[in-house]
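> need a 3D model of the following:
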Amino acid sequence: MKAPRFWWDKPGATAALLSPFAALYGAVAAQRLAQGGVRAGIPVICVGNPTVGGAGKTPAAITIARLLIEAGERPFFLTRGYGGRLAGPVLVEAEHTATQAGDEPILLARIAPTVVAANRAAGAELAREKGASVIVMDDGFQNPSLAKDLAILVVDGARGLGNGYALPAGPLRAPLGPQLDRADALLIVGDVTGAAPLATAARARKLPLFHARLEPDRKAVDALAGKKVLAFAGIGDPDKFFATVAAAGIDPVATRGFPDHHRFSVKEAGSLLDEATRKGLSLLTTEKDMARIEANAALGTLAAPAHVLPVELTVSESEDFRKLVFGACERARGQSFSRPGA
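Purely as a prediction, here's the structure:
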């Protein structure tokens, strides 16, 4: 599904027309948020979005996992595996594809062991059985089944909360107040233009506020030096990817956006290839898109020539962020959290 444009505009007639449904949905979502979950027996760190659509949630989860790995921990990712066929709980293995597990789990599994589970509590139990010392949830903030020791809301700084309505009138997954009540920190990715009111609300609640940016892989950028590209993406916010491409000094002569978790057809692949050939452009996409493309053998002609631009999330307040993560683990365990050199 592609998010409707009116979600990200100022409140208008369409949002007002849908507002009764949003009120009902929001009430149910808020009630669900207030429920308590089961304890995993090991620290659980959850990274989620207050809205539908891409904000940098998966890169943030990866950043946290890397911090834990550096500290000598064995983090496991826990995710729903949206877009995949597996309900789980199942540990992602090398033979799994994005069609089976979803695109995000395939990327996460390259960093740390990853469990896909529709039932988060069952997924956490499997992770612990397999040797996890910490669970990092990629999404699941609004799912109350598993208790969280640290819940971080990730927001796109430019888009913010859109029109401020809950689904289906707007992009909010639940009313903002109840979401902030359950959050332990707010992470704003990119320039704080659209998210300024949210930052103010977080400060009023004395929520720790962090800022981050998505940085493209330097080797990938260098490999594309001097090339003009046709950039395409089927993620929550394709325009964000296109802006990242341009900011890296790569010339996106043409861009093609698709819905989030889009499964490319053979016809679409042919169209992208034809356009790139006619215009003398190199094809460029995201890691998530490539994971889905490579899962379909019929799209090999697209996978072969397409370049990928990996990105990494860097937190500006790195030391405070590290303390937030380590502190949550210490409190969950009731003991000192180990660090390199400690």
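> check which helix or strand covers the nearest residue to Glu275 once chain neighbours are set aside.
Distances taken as C-beta to C-beta, 6 or more residues apart in numbering place Leu230 nearest to Glu275, at 6.0 Å, with adjacent residues excluded. All C-beta atoms are positioned from the backbone trio N, CA, C, and that covers glycine. Using DSSP states H and E, Leu230 falls within strand 228-233.
> thinking again about what came up before, so the residue nearest to Glu275 makes contact with Asp251?
No - look at Leu230 against Asp251 with C-beta atoms under 8 Å: they stay out of range, at 10.5 Å.
> quick one: which of these two has more around it?
Comparing Leu230 with Asp251 by other C-beta atoms under 10 Å, the one with more neighbours is Leu230, at 23 against 14.
> how far away is the more buried one from Ala13?
Leu230 sits 36 Å away from Ala13, going by C-beta to C-beta, to the nearest Å.
> following the longest helix seen in the chain, which helix or strand shows up next?
The single longest helix within the chain, with elements called by DSSP state H, is helix 13-33. Toward the C-terminus, helix 13-33 is succeeded by strand 44-48 as the next helix or strand (DSSP H and E).
> now do the SS call for the residue lying farthest from the centre of the chain.
Ranking residues of the chain by C-alpha distance from their mean position (C-alpha atoms, centre = their mean) puts Arg278 at the top, at 34.0 Å. Following DSSP: H, G, I helix; E, B strand; the rest coil, Arg278 is assigned to helix.
> likewise Glu319?
Going by three-state DSSP: Glu319 is helix.
> since we're on Leu17, how many residues are nearby?
10.
> for it, what are its contacts?
Ala169 (C-beta atoms under 8 Å, 6 or more residues apart in numbering).
> quick check: bridge partners of the residue nearest to Glu275?
Beta-bridge partners for Leu230, by DSSP bridges, are Ala254, Leu283.
> per-residue pLDDT, it?
Note for Leu230: predicted pLDDT of 97.
> residues in contact with it?
Contacts for Leu230 were tallied using C-beta under 8 Å, 6+ apart; they are 252-256, 272, 275-276, 279, 281-284.
> filter those residues to the buried ones?
With neighbours counted by 16 or more other C-beta atoms under 10 Å, the contacts of Leu230 contain buried members at 252, 254-256, 272, 276, 281-284.
> now the helices: where do they sit in the stretch 151-300 of the chain?
176-182, 196-204, 218-223, 238-247, 266-279, 287-294, 300-303 (DSSP state H, counting those that start in this stretch).
> quick one: the fourth one to chain centroid distance?
Relative to the mean C-alpha coordinate of its chain, helix 238-247 is positioned 16 Å out (C-alpha atoms, centre = their mean, to the nearest Å).
> quick one: low-confidence ranges for the protein?
Along the chain, segments meeting pLDDT under 70 span 1-2, 335-342.
> leaving out the residues flanking it, which one is nearest to the spatially most central residue of it?
When C-alpha atoms, centre = their mean is applied to the chain, the residue found nearest the centroid is Lys57 (2.8 Å). Here the nearest residue to Lys57 in space, its sequence neighbours aside, is Val154; by C-beta to C-beta, 6+ apart that works out to 4.8 Å.
> relative to Ala109, which of the buried ones among the contacts of Leu230 is nearest.
If you rank these by distance to Ala109 using C-beta to C-beta, Leu284 comes first, at 23.5 Å.
> correct me if wrong: the closest one contacts Val245.
Yes - in this structure, Leu284 is within contact of Val245 by C-beta under 8 Å, at 6.6 Å.
> and Gly84, how far from Glu129?
21 Å.
> let me fix that: Glu287
29 Å.
> same deal with Glu294?
In terms of C-beta to C-beta, Glu294 sits 30 Å off from Glu129.
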